[in-house]
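In: Just the structure for this:
(chains A, B, C and D)
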2 protein chains.
Amino acid sequence: MKNAVTKTKPRAHSHSHQRQEMSALTGRLRQQARKITGPRAAILEILRQHPHPLTNKEIFAAMSGGQCNLATIYRAMHLLEEMGMVKRFDFGDGTARFELVGEGDDGHHHHLVCTRCAEVVEIEECFPSAIESRIAAANGFTSVTHKLEFFGICPECQ
Amino acid sequence: MKNAVTKTKPRAHSHSHQRQEMSALTGRLRQQARKITGPRAAILEILRQHPHPLTNKEIFAAMSGGQCNLATIYRAMHLLEEMGMVKRFDFGDGTARFELVGEGDDGHHHHLVCTRCAEVVEIEECFPSAIESRIAAANGFTSVTHKLEFFGICPECQ
DNA sequence: ATTAAGATGCAAACGATTTGCATTTAAAAT
DNA sequence: ATTTTAAATGCAAATCGTTTGCATCTTAAT
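Out: Down below sits the predicted model:
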């Protein structure tokens, strides 16, 4: 059951944003017989340190001496996404953003994005699953999920 | 004037999808001192006849003899969007889709998209505004809106 | 009919992303 | 430790949706 609205713990977000151990991350790669390479380690390290979705370019820029090719980051993000280690988000600006996902977590959550300064806040609430189920049933669809993002003007930009 | 809600025929959605008169559409252009050109008339005519979001390419393809340039469609959609005559939707595939919006309507609604065959169903439900307000307030944001789309497998594709 | 703002066509430019291919490398096998 | 090989990377070129510069046309007002 979801506790989006009734939560009591004073956490900013419940979807496992506590930093994962690097060893846990590389371990997941190993389990899938993927190599732990310099570029991948760098990417994971950067993702670990960022609580919000990053674009491939931002990840690239975050690397000290451009120690890896941008194409490599694109490829790595596809791999990590397939493995369920990162989740892709779409803020509607034509640029994909990625966030590290906790093991066992599906990473499903939403954001509130400032349309002026692009500040991002993670959002607890989710579309009510009861309504989603009704929508699915009413239309005969199965495996229904949703993408939901909020946009507005942040305090600083008002 | 709009008669969106007072129709008697069994309709799937209430958000003014009844075809607008062509004259009403061209009138709105005239009011803004925009010219009624062949390409624009063709675009509006195509949009009128389609209940679901169309990509620019689809609009282009729907024109009998490619009577206008694709760039013209892109430009027209920007204009129509600014004028509030069409609404842009993003299904996350990197291609914008547009739907005609009824006069006075803001076109805000959502879709349920089949991830296999791309069938699209218009959805009535919206994210609860009370929750949205709470999200806005909790984070000090103003002018908060949202983008929400549902994805699943349609009856035929199951 | 004249005219000027607005539109269009065309091709080039763009930005995000993908891909082909030769080269490198992690990690398994010896 | 060395060999081996599948996997990964770098680089450049290719794609795809979209935008834009510019010369030419056209709507709609005069």
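In: Please read off the pLDDT at A:Arg75 from the model.
Out: Looking at A:Arg75, its pLDDT reads 98.
In: The longest strand along chain A: how far from the chain's middle?
Out: Using DSSP state E to assign secondary structure, the strand with the most residues in chain A is strand A:142-153. In terms of CA atoms, centre = their mean, to the nearest Å, the centre of strand A:142-153 is found 13 Å from the chain centre.
In: Can that strand be said to contact DNA strand C?
Out: No. Applying CB under 7 Å from any atom of the strand, one finds strand A:142-153 separated from DNA strand C by no less than 14.8 Å. Just so you know, the C-beta spots here come from the backbone N, C-alpha and C atoms, and that holds for glycine as well.
In: contact partners of that strand?
Out: Strand A:142-153 is contacted from outside by A:89-92, A:108, A:110-116, A:123, A:126-127, A:132-133, A:135-136, B:92, B:112, B:127, B:132, B:135-136, B:141-153, B:158, using CB atoms under 8 Å, 6 or more residues apart in numbering or on different chains.
In: redo that, cut-off 6 Å
Out: A:110-113, A:115-116, A:127, A:132, A:136, B:136, B:141-153, B:158 (CB atoms under 6 Å, 6 or more residues apart in numbering or on different chains).
In: Just the buried ones from these?
Out: By neighbour count, with 16 or more other CB atoms under 10 Å in any protein chain shown, the contacts of strand A:142-153 hold A:110-113, A:115, A:127, A:132, A:136, B:136, B:141, B:144, B:146-153 as buried.
In: Where do the helices of chain A begin and end?
Out: A:22-31, A:38-48, A:56-62, A:70-82, A:129-139 (DSSP state H).
In: tell me which residues of the second one are tucked away?
Out: Burial within helix A:38-48, assessed by neighbour count using 16+ other CB under 10 Å, is assigned to A:40-44, A:46-47.
In: dump the residue contacts of the residue positioned nearest the centre of chain A.
Out: Against the mean C-alpha coordinate of chain A, by CA atoms, centre = their mean, the closest residue is A:Glu99 at 2.8 Å. For A:Glu99, the contact set (CB under 6 Å, 6+ apart) comprises A:53, A:87.
In: For the residue lying farthest from the centre of chain A, report the pLDDT, please.
Out: Computed with CA atoms, centre = their mean, the residue of chain A farthest from its C-alpha average is A:Ala138, at 30.0 Å. For A:Ala138, the model assigns a pLDDT of 98.
In: Next, work out how far apart it and B:Ala138 are.
Out: To B:Ala138, A:Ala138 is 31 Å away according to CB to CB, to the nearest Å.
In: Can you tell me which residues in chain A are near DNA strand C?
Out: Counting by CB under 7 Å from any atom of the strand, the residues of chain A near DNA strand C are A:30, A:35-38, A:55-57, A:70-71, A:74-75, A:78, A:94-96.
In: Among those residues, the buried ones, what's the PyMOL command?
Out: Typed into PyMOL, the line below selects the buried ones among the residues of chain A next to DNA strand C, using 16+ other CB under 10 Å:
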select buried, chain A and resi 55+56+96
